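A.B. asks: one predicted model, sequence on top.
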Amino acid sequence: MSTENQDPEIILNVTTQDGAEHALVALEGWRAMEVIRDYGLPIKAECGGACACATCHVYVDTAWSDKLIPPTEEEEDMLDEAFEVKENSRLSCQILMRPEFSGLHLTLAPGSEPD
Amino acid sequence: MTDTPLYTAQTPGSHFETDVIIAGAGPVGLFAVFELGLLDLKAHLVDILDRPGGQCAELYPEKPIYDIPGIPVLTGDDLTQNLLEQIAPFDAQFHLGQMAIDLKKRDNGKWRLTTDMGTTIDAPVVVIAAGGGSFQPKKPPIPGLDAFEGKSVFYSVRHMEDFKDKNILIAGGGDSALDWSLNLRPLAKSLGLVHRRPDFRAAPDSVSKMRTLVAAGGMTLYTGQIKALHGEDGVLEAVTMKTADGEAQVSCDILLPFFGLTMKLGPVADFGIAMENNLIPVDTEKFETNVPTIFAIGDINAYPGKLKLILSGFHEAALMAQQAFRYVHPDAKLRFQYTTSSTNLQQKLGVK
């Protein structure tokens, strides 16, 4: 049982396709995609988080590259259906938020925009 | 999985008459067949995919679904199979691999739905169960791509002969990219495959065949991503690829990008039904659109409190069917019965 003070907020910074910056409050265990969608930011994410469509493609700020849990083979395979894939490309539905990821910065990548 | 097909797919290009046309053969469209069938209404389904199941078939056939009432866990494929089994007694007709492109009212008051392959279906009632829209090929975000589409850039291969003696470049790392590389290789003048990384997710057997061909000089493999197209009037001459070492220009006549499918609203937007934010507003008694006799159920509809869940679509299908019956048989009395107790319903379901 934890008797600590209330946990600090987990902040997820997101740059949308139009270049605007957004600071979102994430919940532990939520997928970054779900946080972005919950805030009503433009993200297609059409498979709903099943790692099956690549329409939640993001670029991870390079300062965070080594801190995240590396992508699974399944995620790498799915990134094959994304465009303009870079070294720091991820599917945001495969990034599960946790306290140590507070401050993470993601940029919505081509293919993530809704119709 | 069963070996015998659970559904009948019609050959495109003919004319059909039925009670209800369902646009979309995903889980909600399939269950609509059941609810309509209990009321003796016949249905035809149209879907752009080549098999029933919608998102369950295309996006997550092997992923577990945990929120179907009474079924703790099943996959998208299992749900599709179960639904096909459940609706088999009603002998719905499927028009697959076809996109519904036009919906017009006839002089006799019936709707005529036309597909891109020339199939026409007439019925007094139409149900839009199109989910997120039509699954269409993902298009690479390359400037000026549109001008080349249909002339030098194709997202599917309908007639292999069209590509005879061409310099073909295929982009992608999945089964479509690999299968078409292997199939088109013998008739192409030259064939290249470009993929973003050295690893492929396609079937290992195709990948090893491809690597053997590459080693023997029969085709070329590039690791990179296409960023620009070059040519005039839609006639492709070359592409620029971004590679690990910088950029490379590769000559080609034909580009075939295979990056999977994505949902686009498509022609539904032109059916004359009111829409808001790419969704179709409906009432919550009948799930009818602003156009009487046209209903919208499942992910494509919108109403206060809407949740995009398969189970919501099932409920919507049941209520829609009641009103559809009144339209198809305006003079008949509608009896609400339970499948557990009604001999009549059980006969329809083939219960012995």
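C.D. replies: Thanks, I have it. Quick caveat: nothing in here was measured; it's all calculated off a predicted structure.
A.B. asks: pLDDT weak spots in chain A?
C.D. replies: Across chain A, residues meeting the criterion (pLDDT under 70) sit at A:1-6.
A.B. asks: can you give me the helices for it?
C.D. replies: Shown for chain A, the helices assigned by DSSP state H span residues A:32-38, A:73-79.
A.B. asks: same thing with the stretch 51-200 of chain B?
C.D. replies: For the stretch 51-200 of chain B, the helices defined by DSSP state H, counting those that start in this stretch occupy B:55-58, B:76-87, B:175-184.
A.B. asks: between the ones you listed, which one is closest to chain A.
C.D. replies: helix B:55-58 (7.4 Å; CB to the nearest CB). In short, each C-beta sits where N, CA and C put it, glycine included.
A.B. asks: is chain A within reach of that closest one?
C.D. replies: Yes: using CB under 8 Å from any CB of the partner chain, helix B:55-58 reaches chain A at residue B:55.
A.B. asks: what sits up against that helix?
C.D. replies: A:47, B:26-27, B:49, B:51, B:65, B:76-77, B:79-80, B:131-132, B:135, B:261, B:263 (CB atoms under 8 Å, 6 or more residues apart in numbering or on different chains).
A.B. asks: show me just the buried residues among these.
C.D. replies: Buried by 16 or more other CB atoms under 10 Å in any protein chain shown: A:47, B:26-27, B:49, B:51, B:65, B:76-77, B:79-80, B:131-132, B:135, B:261, B:263, out of the contacts of helix B:55-58.
A.B. asks: just the helices of the stretch 51-200 of chain B: most buried one?
C.D. replies: helix B:55-58 (a mean of 24; mean count of other CB atoms under 10 Å in any protein chain shown).
A.B. asks: give me the mean pLDDT for that helix.
C.D. replies: Average pLDDT, helix B:55-58: 94.
A.B. asks: separation between residue B:137 and residue B:151?
C.D. replies: 16 Å (CB to CB, to the nearest Å).
A.B. asks: higher neighbour count, these two?
C.D. replies: For residue B:137 versus residue B:151, neighbours defined as other CB atoms under 10 Å in any protein chain shown are more numerous around residue B:137 (16 against 13).
A.B. asks: show me the contacts for the most centrally placed residue in chain A.
C.D. replies: The centroid of chain A falls nearest to residue A:92 when counting by CA atoms, centre = their mean (3.1 Å). For residue A:92, the contact set (CB under 8 Å, 6+ apart) comprises A:31-33, A:36, A:43, A:45, A:56-58, A:106, A:112.
A.B. asks: now render the residues you listed as JSON lines, adding neighbour count and distance to chain B.
C.D. replies: Putting the contacts of residue A:92 into JSON lines (neighbours: other CB atoms under 10 Å in any protein chain shown; distance: CB to the nearest CB, whole Å) gives the following:
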{"residue": "A:31", "neighbour count": "20", "distance to chain B": "14"}
{"residue": "A:32", "neighbour count": "27", "distance to chain B": "19"}
{"residue": "A:33", "neighbour count": "25", "distance to chain B": "14"}
{"residue": "A:36", "neighbour count": "27", "distance to chain B": "17"}
{"residue": "A:43", "neighbour count": "26", "distance to chain B": "13"}
{"residue": "A:45", "neighbour count": "22", "distance to chain B": "11"}
{"residue": "A:56", "neighbour count": "32", "distance to chain B": "12"}
{"residue": "A:57", "neighbour count": "30", "distance to chain B": "11"}
{"residue": "A:58", "neighbour count": "25", "distance to chain B": "15"}
{"residue": "A:106", "neighbour count": "26", "distance to chain B": "19"}
{"residue": "A:112", "neighbour count": "25", "distance to chain B": "11"}
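A.B. asks: could you single out the nearest of the buried ones among the contacts of helix B:55-58 to residue B:156?
C.D. replies: residue B:261 (10.6 Å; CB to CB).
A.B. asks: from what I see, the closest one and residue B:135 are in contact.
C.D. replies: Yes: counting by CB atoms under 8 Å, residue B:135 is a contact partner of residue B:261 at 4.1 Å.
A.B. asks: how many neighbours does residue A:26 have?
C.D. replies: Counted with other CB under 10 Å, the neighbours of residue A:26 add up to 25.
A.B. asks: distance check, it against residue B:45.
C.D. replies: Using CB to CB, residue A:26 is found at 41 Å from residue B:45.
A.B. asks: also residue B:240?
C.D. replies: In terms of CB to CB, residue B:240 sits 43 Å off from residue B:45.
A.B. asks: ditto for residue B:298
C.D. replies: For residue B:298, the distance to residue B:45 (CB to CB) stands at 13 Å.
A.B. asks: contacting residues around the helix or strand of chain B with the lowest mean pLDDT?
C.D. replies: Every helix and strand of chain B was ranked by mean pLDDT, DSSP states H and E. The lowest is strand B:8-9, at a mean of 88. Around strand B:8-9, the neighbours that count as contacts under CB under 8 Å, 6+ apart are B:91-96.
A.B. asks: which one of those residues is nearest residue A:76?
C.D. replies: Residue A:76 lies nearest to residue B:96 out of the contacts of strand B:8-9, by CB to CB, at 31.6 Å.
A.B. asks: run a quick neighbour tally on the closest one.
C.D. replies: Residue B:96 has 17 neighbours, counted by other CB under 10 Å.
A.B. asks: now do residue A:97
C.D. replies: Around residue A:97 there are 22 residues (other CB under 10 Å).
A.B. asks: ok, and the closest non-adjacent residue to it?
C.D. replies: Distances taken as CB to CB, 6 or more residues apart in numbering or on different chains put residue A:26 closest to residue A:97, at 4.1 Å, once the chain neighbours are dropped.
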